[in-house]
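Chemist: Got a predicted structure here, sequence first:
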Amino acid sequence: MSNLLFTQAVREVGDWIRSERREFNANKVETKALNSLVSYVDQQAELMLIERLTTALPGSGVLGEEGGSNWIEGGSNWIIDPLDGTTNFIHDLPPYAVSVALMRGRDLVWAAVYELGQGRMFTAELGSGAFCDGRLLDVRQGAPLRDGLVATGFPYHEFSHMPQYLKALQACFRAARGIRRFGSAATDLAWLADGRFQGFFEHGLAPWDVAAGILLVREAGGTVSDFFASDLDDYDLVRSGSITAGNPSAYRDLVSLTTDSFLPT
């Protein structure tokens, strides 16, 4: 795989997004659904990513947040979020990120999250580790949940599981050192892989929100599952709608909380 070409494509598009932020016009924002926003920046960035990535890997398919979809069953497919954290971007409030993952068959094999607030590039390749700007990431000896921070995302458009979410949130208040909500799931997972967070959980996520972050956390030595620690392959996990992740120690405690909170009674 031409990993350098993939990373270069993500960096070029991310740098373009950063340049657009300087002159961004909030009046050019559209509403896709309740509290789900899209700008010309999201749309143009996705087109740019698709052109660059499919050129770097001929014959590859695409699943993109902004409508780019040409999935090739059993083939190599890009899962793209051109701007994860659009609401943050619109309000000029980092973090926001470009999130790109490559799935071969049903397995995630390469990923990048380019967090644009700090300008950090996180990358991972299956079996080769996770990195931040070339620095190897390793969370295998990370702090337990009681000494760590948990990242999450508040429900903002789908509220059917609000009681279960509040139950899990309340449990985390008691079990962890603190809770943080930054508004970009891709960034949350990248920062978990970097050891800044010890755990992460969120409900209502799409494949493009989590695909890259899943591989980053795994390759850094962490664990990722749905809320119930189900035995899912990558294809089903990115579509499960729920994610619990953490370093090995924190994950064991956190997944017990999400299982208890969301398991149907």
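Modeler: Perfect, thanks for sending it. Numbers count the residues shown, from 1 in each chain.

Chemist: quick one, helices of the stretch 151-265 of the chain?
Modeler: Along the stretch 151-265 of the chain, the segments classed as helices by DSSP state H, counting those that start in this stretch run 162-175, 185-193, 207-219, 234-238, 248-262.

Chemist: Using JSON lines, lay out the ones you listed together with mean neighbour count and distance to R11.
Modeler: (Each C-beta comes from the backbone N, C-alpha and C, glycine too.) JSON lines is the format used below for the helices of the stretch 151-265 of the chain (neighbours: other C-beta atoms under 10 Å; distance: least, C-beta to C-beta, whole Å):
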{"stretch": "helix 162-175", "mean neighbour count": "16", "distance to R11": "34"}
{"stretch": "helix 185-193", "mean neighbour count": "31", "distance to R11": "15"}
{"stretch": "helix 207-219", "mean neighbour count": "27", "distance to R11": "14"}
{"stretch": "helix 234-238", "mean neighbour count": "19", "distance to R11": "23"}
{"stretch": "helix 248-262", "mean neighbour count": "21", "distance to R11": "30"}
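
Chemist: between these, which gets nearest to A151?
Modeler: Of all these, the one in closest proximity to A151, counting by C-beta to C-beta, is helix 185-193 (4.0 Å).

Chemist: Show me the contact partners of that closest one.
Modeler: Outside helix 185-193, the residues that touch it by C-beta atoms under 8 Å, 6 or more residues apart in numbering are 81, 84-85, 95-97, 99, 113, 115, 120, 122, 124, 130, 132, 137, 139, 151-153, 182, 197-200, 202, 205, 209-210, 212-214, 216-217, 219-220, 222, 243, 245-247.

Chemist: the strands in the stretch 51-200 of the chain, which residues?
Modeler: Along the stretch 51-200 of the chain, the stretches classed as strands by DSSP state E, counting those that start in this stretch are 61-64, 76-84, 97-104, 107-115, 120-125, 129-132, 135-137, 149-152, 178-180, 199-203.

Chemist: roughly how far is the last one from the heart of the chain?
Modeler: Same thing as strand 199-203. A distance of 11 Å separates the centroid of the chain from that of strand 199-203, by C-alpha atoms, centre = their mean, to the nearest Å.
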